[in-house]
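Colleague: Need a 3D model of the sequence below.
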Amino acid sequence: MAVFGVLAAALGVVGLVAPDALLTVMGFDPVPEGGRAEGDHTLVFLTASSMAALNMGVYYVLAALADWKPFFRWTVPFRLLTCAVFTLAVLTGRAPAGFLGVGLWEGLGAVVTGAALRYEKRGGSGAVSGLGDTA
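Modeller: Now for the predicted structure:
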């Protein structure tokens, strides 16, 4: 959980400071300075999602530090949903192939978190906050 939180927060900061760099990482071609059409709100949405990623990253780190297992459980189905939506966006042509990595990251994180929670519930040792999102 802590690793995912730090990565989400870091990518949120990148999106706020260098939005074109974040677009490139996600497989989008950045638009040259002054090349956006009137009414293109891409940067507004990127700013909003980057701020959300920064906040979410901090929430994950705080939940990991508190070893807040209900939060860990809540993330599993929603991260699987995010995986499905992002994967479908690529498969339907709504997003470029590079965006598939974001969906797969969410899916893998959900599976690893769920497995760690199940292992710990069955009496295994190790803190979920250390095992949750090591991918």
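Colleague: Following the lengthiest helix in the chain in sequence, what is the next regular element?
Modeller: Counting by DSSP state H, the longest helix found in the chain is helix 42-66. Following helix 42-66 in sequence order, the next helix or strand is helix 69-91 (DSSP states H and E).
Colleague: can you give me the offset of that following helix from its chain's centre?
Modeller: The chain centroid and the centroid of helix 69-91 are separated by 9 Å, computed with CA atoms, centre = their mean, to the nearest Å.
Colleague: Give me the below-cutoff pLDDT ranges for this structure.
Modeller: 125-135 (pLDDT under 70).
Colleague: Can you name the helix or strand that Val14 falls in?
Modeller: Counting by DSSP H and E, Val14 is found in helix 2-17.
Colleague: List the buried residues in that helix.
Modeller: Residues 2-9, 11-15 are the ones in helix 2-17 that count as buried (16 or more other CB atoms under 10 Å). All C-beta atoms are positioned from the backbone trio N, CA, C, and that covers glycine.
Colleague: Closest to Leu117 out of these?
Modeller: Phe4 (14.2 Å; CB to CB).
Colleague: separation between that closest one and Ala37?
Modeller: From Phe4 over to Ala37 the distance is 35 Å, taken as CB to CB, to the nearest Å.
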